[in-house]
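Visitor: Following is a predicted model, sequence given first.
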2 protein chains.
Amino acid sequence: MRTHYCGEVSEGLLDQEVEVCGWVHRRRDHGGVIFIDLRDREGLLQVVFDPDREAAFATADRVRPEWVLKIKGRVRARPEGTINTTLRSGQVEVLGLEVEVLNEAKTPPFQLDEDGVGEDVRLRHRYIDLRRPEMQHNLRKRAQVTGFMHRFLDDQGFVDIETPMLTRATPEGARDFLVPSRLHAGSFYALPQSPQLFKQLLMMSGFDRYYQIVRCFRDEDLRADRQPEFTQLDIETSFMDEAGITGLVEKMVRELMAEVAGIELPDPFPRMTYAEAVERFGIDRPDLRIPMELVSVGDLLADVEFKVFSGPANDPRGRVAALKVPGGNALTRKQIDEYTQFVGRYGAKGLAYIKVNDPSLGAEGLQSPILKFLPESAIAEILQRTGAQAGDLIFFGADKAKVVNDALAALRVQVGHDLNLVADEWRPVWVLDFPMFEYDEADGRFYALHHPFTAPQVDSVEAFESADPEALLSRAYDLVLNGTELGGGSIRIHRPEMQSAVFARLGIDQAEAQEKFGFLLDALDYGAPPHGGIAFGLDRIIMLMTGAGSIRDVMAFPKTQTGACLLTEAPAAVDAAALNDLHIRVNPILKG
Amino acid sequence: MRTHYCGEVSEGLLDQEVEVCGWVHRRRDHGGVIFIDLRDREGLLQVVFDPDREAAFATADRVRPEWVLKIKGRVRARPEGTINTTLRSGQVEVLGLEVEVLNEAKTPPFQLDEDGVGEDVRLRHRYIDLRRPEMQHNLRKRAQVTGFMHRFLDDQGFVDIETPMLTRATPEGARDFLVPSRLHAGSFYALPQSPQLFKQLLMMSGFDRYYQIVRCFRDEDLRADRQPEFTQLDIETSFMDEAGITGLVEKMVRELMAEVAGIELPDPFPRMTYAEAVERFGIDRPDLRIPMELVSVGDLLADVEFKVFSGPANDPRGRVAALKVPGGNALTRKQIDEYTQFVGRYGAKGLAYIKVNDPSLGAEGLQSPILKFLPESAIAEILQRTGAQAGDLIFFGADKAKVVNDALAALRVQVGHDLNLVADEWRPVWVLDFPMFEYDEADGRFYALHHPFTAPQVDSVEAFESADPEALLSRAYDLVLNGTELGGGSIRIHRPEMQSAVFARLGIDQAEAQEKFGFLLDALDYGAPPHGGIAFGLDRIIMLMTGAGSIRDVMAFPKTQTGACLLTEAPAAVDAAALNDLHIRVNPILKG
């Protein structure tokens, strides 16, 4: 229907006739002439209608925003002074010769360039919202990313294999979306939270290198940045170790960021152990752009009378850590109170601090409600370790290590942003040597830090069983970029006896293991190769790349925080007859 | 872990040391030496262990089929007389220097090269079944196909956009898989039968060219060749007409078949109207490899006394057609009886025939129970129209046109295969000019032959409403290859008033239209461009390409005809507590 996209018409076409199709972005009268900015996915084009072409002029006169037009016209240079350098087509305009109305449009509920439109209005009229240049950009960038991934992985000998969406439900079905079966009365499928077991089975099938860009589902209470369905790039390989896998996918990420987003990442990415990440940043996904670190000072405070410090300092599961804020001396009492509230959300019972006026004066040069509790020598050493300078402030966390780490890690990021300390750079890091297990005091049992199929760093079942579970490290790895976890994976267990030992340590007895994962245990018995893999969160990669503020801005048809689609009004009620076919009914509503 | 895949070790590596990993395919002792055929995804490699390397020999001596090994060895030429020309590595063997057992394996439930293994055994141990070369080939071919599609469509400016899997359920939910919502008590999502409405919305959003390789779901009683979840290549474009869209995707299919399967397809593909396809082949997806056609002969038989013929010949909805079978004279009475039973499945009440011994003799040269009912002149004209030669046979169908077409179309294909009349070639055809509606006598209403969003061939609502519904043609098109429908699509309705008129003709009143498709009708109001698209069945394309006999042989983890996964035992029972979270319960089983 057209010869060119609107956004592609430029000086090269001067004096030629073109046909373009698109939406009326703006229409204005000026000196008896009508100007229409016609828009398509490649950009805007100015079309001018003179009154001497009566039919075209009359049509152009009645069109309204968002009408769909087909225009035939001649390309000419814009008069001097009207050149628009922000448009690809800004050097030219088209003299409209013929115009056809392909469709009319009601007045849209919001203008495409209107600021501050409520998100629910945008989502309800998503087909209009998606016309905005930001959304066009984000979704096209997303397609470029997946296109790059396909090409890169195809070229590396990976096989794109589809795994089922209707999978096995586990009895308790936590976080699973369930699908009642019509043909098997009373039974349910589950939508996959990830294709983990299927990709391991594909390694046992000898495919050697698998990948899939795959939809995953998790039915959890939605936080601001989660969606019930999300997409991951899922990868698994055989006969490769941690170095092999991380090296290969690191190359992919580096080339992806360079090619699709013009972002240069270091080669190689730095690597850091989990222990170091937690020690220095309180978290296993450190944002290395922020030049602040946690510094352990418990050893200096074990003997002080101030129990807030000495208690955790003497608790094997406790931690006392300092976080120096460069220039933090300028923080007001009110700001510090707000940060105290902030860390409270992470379980911290307070937020001690020292303002550093002049460190060369010792305690005299400092200002803090807790100074009186601390010996001079400890203070001197704290200043030394944190490298505090005049004008800085030092925050303290003292509690169970988990509370201190969570609180100071979050505080570090918050303060970093508040004080504009975040460097304008891209800082990837591999985090390695994760603990195998995490002990949950409330439940009184161990949980797998990654998942129960992750291999330990010991080879033999004997070594595994005789080790302190909390000291065992796993063969897991996470890739973090600017504080966002892009992907995570591990070398998997490939020997049935080790898998059984890990299940046992997790309190999963043999009957339960057989019930839930029997097919995996069986498969391990028939010649499973050493294998491992990784999964990347696609939505998060696009968010980082585009700077989008919400996951909803990198998906075409996202859901709200309650999992509703405002456009189609899903989920919806269903007839009793349809439910009856599925052998289920809706619970009666309990009146209270 | 390795330097080469097993299947890649060849003469170029003579005298070099290699490291390979893989599965023990065969192990045999021969003259005090152990031979192991090691297998990986690229093929087999023969490794020889001499007793003078004691450690390696001892290990090689105890390995069993499907154990996983890592072997280091030196490549050497095979002794003359032992060269295996069927293997890529068949000119060489590896002298094993070191061997490491990476994993042991139980004796597998079947041998990889065993014939006649029951499909349920294969599906239950799918991780072993997928090691077979055919399955490796099929799934890798599938990945090549999707890889090609991504590259082709990316290069053509198509944007790969993901649409939701958790979509809106329609009240009656026929054929929908439903997903109960936890956060919205009593409401359900539906898994998409296709992304039809979302891709139309993307056109209204201005993306211009969309595609997606997407999972779709249909909860129907499974015929041999259906799966509850299947994959389609989904395409939609704006500002293109039928010729533009079919031309573009035809190029894709032609290049795909040539590049991935070495199959040359004609350029351009032939085009045929629906009316012609039904007239000549009884069906809208004709297999053009079979050199037989239906020939209408009702006009010759309208006046005969034989009611079996004259009844349908005089019924406006009836048809009398002949199907000449080349060489069919040799069919036995028993074979003809079997074909009579066969057409009975399609509703035919009998299967009249004439055996042609010598057409030059007129009725004398023929043999048939119905000869006596037919005038000589009609017989002569039938012989003429069908071009029957000595040795042929003519079958007749006489009934409602639908019965005749269904029966003779199926008979044509069946006989074509039975008599080896199917040409060894690739015969694509576009079928065009479909009827807009099909009248269902039982329901007493019209149904859309494609779907209710397909545009009619008339432009104005007035012309649409004043036309005979059964005479209206749609702007739909199907691509058929060797009798298989590869894909189908249409130009869509882009004006709200035409969409409402089509809904009205289908008996969907305004309230129902608003309830089910309100968001689409709204979207059509705000500037919808002319648009259209197509969807290809990926599984079917791979089946054709690989010659797989079942859809289950081109999917990694298929389900049985009752929708069960024998490997994972999905679907499965779920705890009452989990269902309670979803506000549903399973119906009590009625005892009868």
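Guide: Right, received. Where do you want to start?
Visitor: from here on, contacts and neighbour counts on C-alpha atoms
Guide: Fine.
Visitor: what domains does the record give for chain A?
Guide: Domain assignment of chain A by automatic domain parsing yields the ranges A:6-103, A:119-239+A:533-592, A:290-422.
Visitor: With respect to residue A:495, which of the ones you listed lies nearest?
Guide: Closest of the domains of chain A to residue A:495 is domain A:119-239+A:533-592, at 11.4 Å (criterion: Cα to Cα).
Visitor: Looking at residue A:49 now. What's its pLDDT?
Guide: Each residue has a pLDDT score; the one for residue A:49 is 97.
Visitor: picking up where we left off before, any chance of the domains of chain A in JSON lines with distance to residue B:115 and mean neighbour count as columns?
Guide: Output for those, formatted as JSON lines (distance: least, Cα to Cα, whole Å; neighbours: other Cα atoms under 10 Å in any protein chain shown):
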{"stretch": "domain A:6-103", "distance to residue B:115": "55", "mean neighbour count": "19"}
{"stretch": "domain A:119-239+A:533-592", "distance to residue B:115": "19", "mean neighbour count": "20"}
{"stretch": "domain A:290-422", "distance to residue B:115": "59", "mean neighbour count": "18"}
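Visitor: what residues are up against the residue of the stretch 201-350 of chain A found nearest chain B?
Guide: Of all residues in the stretch 201-350 of chain A, residue A:205 sits closest to chain B, at 4.6 Å by Cα to the nearest Cα. With contacts defined as Cα atoms under 8 Å, 6 or more residues apart in numbering or on different chains, the neighbours of residue A:205 are B:126-131.
Visitor: repeat for residue A:364
Guide: Per Cα under 8 Å, 6+ apart, neighbours of residue A:364: residue A:358.
Visitor: is it true that it lies in a helix?
Guide: Yes: checked against DSSP: H, G, I helix; E, B strand; the rest coil, residue A:364 lies within a helix.
Visitor: pLDDT value on it, please?
Guide: For residue A:364, pLDDT reads 86.
Visitor: what stretches of chain A score poorly on pLDDT?
Guide: A:173, A:222, A:224, A:590-592 (pLDDT under 70).
Visitor: Could you double-check that residue A:250 sits in contact with residue A:271?
Guide: No: assessed by Cα atoms under 8 Å, residue A:250 is found out of contact with residue A:271, at 11.4 Å.
Visitor: More neighbours: which of the two?
Guide: Ranked by neighbour count (other Cα atoms under 10 Å in any protein chain shown), residue A:250 and residue A:271 place residue A:250 first, with 19 against 15.
Visitor: which element is the more buried one on?
Guide: Counting by DSSP states H and E, the element that carries residue A:250 is helix A:242-261.
Visitor: For that helix, which outside residues touch it?
Guide: Applying Cα under 8 Å, 6+ apart, the set of residues contacting helix A:242-261 is A:141, A:144-145, A:148-149, A:152, A:237, A:263-269, A:475, A:477, A:490-491, A:532-533, A:545.
Visitor: Report the entries of those that also contact chain B.
Guide: Checked against chain B using Cα under 8 Å from any Cα of the partner chain, these yield no neighbours at all.
Visitor: Counting only strands, which of the residues you listed make the cut?
Guide: Secondary structure from DSSP state E places A:237, A:477, A:490-491, A:532-533 of the contacts of helix A:242-261 in strands.
Visitor: Farthest-apart pair in those residues, please.
Guide: Spatial extent of the ones in strands among the contacts of helix A:242-261 (Cα to Cα) is set by the pair A:237 and A:477 at 14.5 Å.
Visitor: so what's residue A:569 up against?
Guide: Residues near residue A:569 by Cα under 8 Å, 6+ apart: residue B:168.
Visitor: Over to residue A:213?
Guide: Contacts of residue A:213 by Cα under 8 Å, 6+ apart are A:146, A:231-234.
Visitor: And for the longest strand along chain A, what's in contact with it?
Guide: When chain A is parsed with DSSP E, its longest strand is strand A:17-30. Contacts with strand A:17-30, where a contact means Cα under 8 Å, 6+ apart, come from A:1-6, A:34-40, A:44, A:63-75, B:239, B:527, B:529.
Visitor: These in strands, which ones?
Guide: Using DSSP E, the contacts of strand A:17-30 in strands are A:34-40, A:44, A:68-75.
Visitor: Tell me the one among those nearest to residue A:157.
Guide: residue A:40 (37.8 Å).
Visitor: Beta-bridge partners for the closest one, please?
Guide: Beta-bridge partners for residue A:40, by DSSP bridges, are residue A:43.
Visitor: these two touch, right, residue A:376 and residue A:366?
Guide: No: applying Cα under 8 Å, one finds residue A:376 not in contact with residue A:366, separated by 11.3 Å.
Visitor: Nearest residue to the residue of the stretch 351-500 of chain A found nearest chain B in space, please, no chain neighbours.
Guide: Using Cα to the nearest Cα, the closest approach of the stretch 351-500 of chain A to chain B is made by residue A:495 at 6.8 Å. What sits nearest to residue A:495 in space, not counting adjacent residues and going by Cα to Cα, 6 or more residues apart in numbering or on different chains, is residue A:524, at 6.1 Å.
Visitor: Now do the contacts for that neighbour.
Guide: A:204, A:494-496.
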